[in-house]
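S.K.: need a 3D model of the following:
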Amino acid sequence: MKTLFLLSTLALCCGLVHAEPGEHQEFEATLHAPFQSAAPQRTFNMNFDYPGLRRAQTVDWRVELIRPGGRVALRWRGQARLAGEAVTVPLPWSGRLGKASAPSGIYRVRLRASVRGEGNQQHEQVEQDWEIAVGQPAAPSLPLFAPLPRGLERGAVPAPEALPYTVYLGNLHSQTGHSDGGADIDQCKSAQPPGTAPHGPNDAFAYARARGLDVLVASEHNHMYDGSAGSAPDADPARARALYRAGLAQAAAYSKAHPGFLALYGMEWGVIGNGGHVNIFNSDELLGWETNAKGELMADTLTPRGDYAALYTLMRERGWVGQFNHPATSGQFQVNGVPLAYTPDGEEAMVLCEVMNSTAFSTNVTETETRRSSFEGACNRLLEAGYRVAFSSNQDNHCANWGAAYTNRTGVLLPDGVGLSRASFVEALKARRVFATMDKESQLVLTANGRMMGERFANGGALTLVANFASQGGKRAASMAIMEGVPGRNGTVTRLSEKAVTTFTPAPGAHFYYARVTQDDGNVLWSAPVWVMQE
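M.R.: Below you'll find the model as predicted:
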């Protein structure tokens, strides 16, 4: 299930418009409301769609307005009928609570929507909530923090006493003509038949570099190297393996020819239906499960479809690192029938969780796409299960606009003086020195007793968490939250503090903490967590 988030708005979507119903036919729901509003009244617009729907279905929806203290102030509920076309439902709010205007503050708007199919059974539920500003809420107090130098700022001198890192901004999830991406902007409506679009990895790397990105990952669907979204009985396994090797070679050659830019070629493993997509960033082997009519494997290495435990084990053995792509809160990444299930091998191999991305089939080239996705709830479920994942923010481009759909980026921190390469990039991911941002000009770095986000360490006594936020674009933080959870508890991540500098003594045992900032334009940033064993 895939969700969409709209900047300066609230948004929710699950689903992609792909050609193969078994993999990508999904219910979509969005909730759109301005983060700021000059007038008290607002209209929330819900949009429901179900690409490839074969028979009418009923959408049950509920929207809640939640006060700054956490109490539900208002509830709305209703139904919509889906019969092949998208449906928009406007939801006006007067800006009042009872007879009085809503007091100033940061509120949350939460949507729950589900579809009912055969037998009137409810399935494919979507849930998401986002902050909005009402009135003139007070801005949080922040510590002084000079932004870390960017990878493109050649020769930039770090500020005195700055953290000794350089930030490289990337888009770690995209497709090209090697699978179902790479279509010209004026021709791109949905996924392309695999291997048919004109633009391959080199085109993508050149485009992203020209748009100011430091890193682009071409993450091709692993099961499309036979030229089919399903299984092609006449496919040539040698050709499939050669295409993957060609992509690796193109990335290596492009990086060598353009120092300071990292071109990466990897794969998006798995399917959506009864599965889940995993990006693997540094595998030189094509993994797969499909065979042709002769029983020949369309890959270098057999990895059974849907066997995530075996995949994680192989990844750990090989030293590969991965990312959970647009995770759903249920039904995906199952192990022994349990969704989002923890394994020790998975804890080591899976280093990122995609907390936000833009819609896969955006044709926007001005960084103003309004359909964007948030998956914080699912990422929190993975953290509570025991995974040590940092947050990433990508674009899942299938059209020829790699990195240009919106301003969101994944920030990767390399030690000053260390060159950008596949090896240094992978080491940074393994260290979880990563933040996710919807604003390419803003940064968020969390420290804990002076230790960097991404670290895990034992602690005795007080713990001081510092959320360091900086915006080179003049944006201000509208809200600040320090979030707390317990790895392995399989419980709920909660808000610990709204202060950027928070000192306290944790209860004995394991904890994780991360920072989340919402800017005054509605853009959101997420730091990587820190993992603390309190003695």
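S.K.: in stretch 233-249, which residues are buried?
M.R.: Going by neighbour count (16 or more other Cβ atoms under 10 Å), the buried part of stretch 233-249 is 235, 237, 240, 241, 243, 244, 247, 248. Placement of C-beta: from N, CA and C, glycine included.
S.K.: out of those, who's nearest residue 368?
M.R.: residue 247 (30.0 Å; Cβ to Cβ).
S.K.: and that closest one, its phi and psi?
M.R.: phi -60, psi -40 (degrees, to the nearest 10).
S.K.: residue 378 too?
M.R.: Taking degrees, to the nearest 10 as the convention, residue 378 sits at phi -70, psi -40.
S.K.: I'd guessed it sits against residue 333; true?
M.R.: No: using Cβ atoms under 8 Å, residue 378 is not in contact with residue 333, being 9.2 Å away.
S.K.: who has more neighbours, these two?
M.R.: The neighbour count for residue 378 versus residue 333, taken as other Cβ atoms under 10 Å, is higher for residue 333 (29 against 25).
S.K.: state the phi and psi torsions of the more buried one.
M.R.: The phi/psi pair for residue 333 (degrees, to the nearest 10) is phi 50, psi 50.
S.K.: quick one: contacts for it?
M.R.: Contact analysis of residue 333 by Cβ atoms under 8 Å, 6 or more residues apart in numbering lists 276, 278, 308, 324, 327, 339, 340, 341.
S.K.: quick one: the last one from residue 364, how far?
M.R.: Here the criterion is Cβ to Cβ, to the nearest Å. By it, residue 341 lies 36 Å from residue 364.
S.K.: wait, is residue 317 part of a strand?
M.R.: No: checked against DSSP: H, G, I helix; E, B strand; the rest coil, residue 317 lies outside a strand; its state is helix.
S.K.: roughly how far does it sit from residue 77?
M.R.: Using Cβ to Cβ, residue 317 is found at 49 Å from residue 77.
S.K.: where do the contact lists of residue 378 and residue 333 overlap?
M.R.: Common neighbours of residue 378 and residue 333 (Cβ under 8 Å, 6+ apart) are 324, 327, 340.
S.K.: which residue is the nearest non-sequential neighbour of residue 522?
M.R.: Distances taken as Cβ to Cβ, 6 or more residues apart in numbering place residue 35 nearest to residue 522, at 3.2 Å, with adjacent residues excluded.
S.K.: residues near the one you found, how many?
M.R.: 22.
S.K.: residue 428 falls within a strand, correct?
M.R.: No: membership of residue 428 in a strand is not supported by three-state DSSP, which gives helix.
S.K.: would you list the phi and psi of the closest residue to residue 426 other than its chain neighbours?
M.R.: Spatial nearest neighbour of residue 426, excluding adjacent residues (Cβ to Cβ, 6+ apart): residue 282 at 5.2 Å. The phi and psi values for residue 282, taken as degrees, to the nearest 10, are phi -140, psi 30.
S.K.: was I right to think residue 282 contacts residue 265?
M.R.: No: the criterion here is Cβ under 8 Å, and residue 282 misses it with residue 265 at 9.8 Å.
S.K.: and those two? Which one has more around it.
M.R.: Set residue 282 next to residue 265 and count neighbours by other Cβ under 10 Å: residue 265 wins out with 29 against 18.
S.K.: I'd assumed residue 254 was in contact with the more buried one.
M.R.: No: contact criterion Cβ under 8 Å: residue 265 and residue 254 do not qualify, at 9.3 Å.
S.K.: between those two, which contacts overlap?
M.R.: residue 201.
S.K.: still on that earlier bit, of the contacts of residue 333, which is the nearest to residue 466?
M.R.: residue 324 (27.3 Å).
S.K.: give me the beta-bridge partners of the closest one?
M.R.: residue 278, residue 353 (DSSP bridges).
S.K.: count the neighbours of it for me.
M.R.: What residue 324 shows, counting by other Cβ under 10 Å, is a neighbour count of 26.
S.K.: ok, now how distant is residue 111 from residue 90?
M.R.: Residue 111 sits 14 Å away from residue 90, going by Cβ to Cβ.
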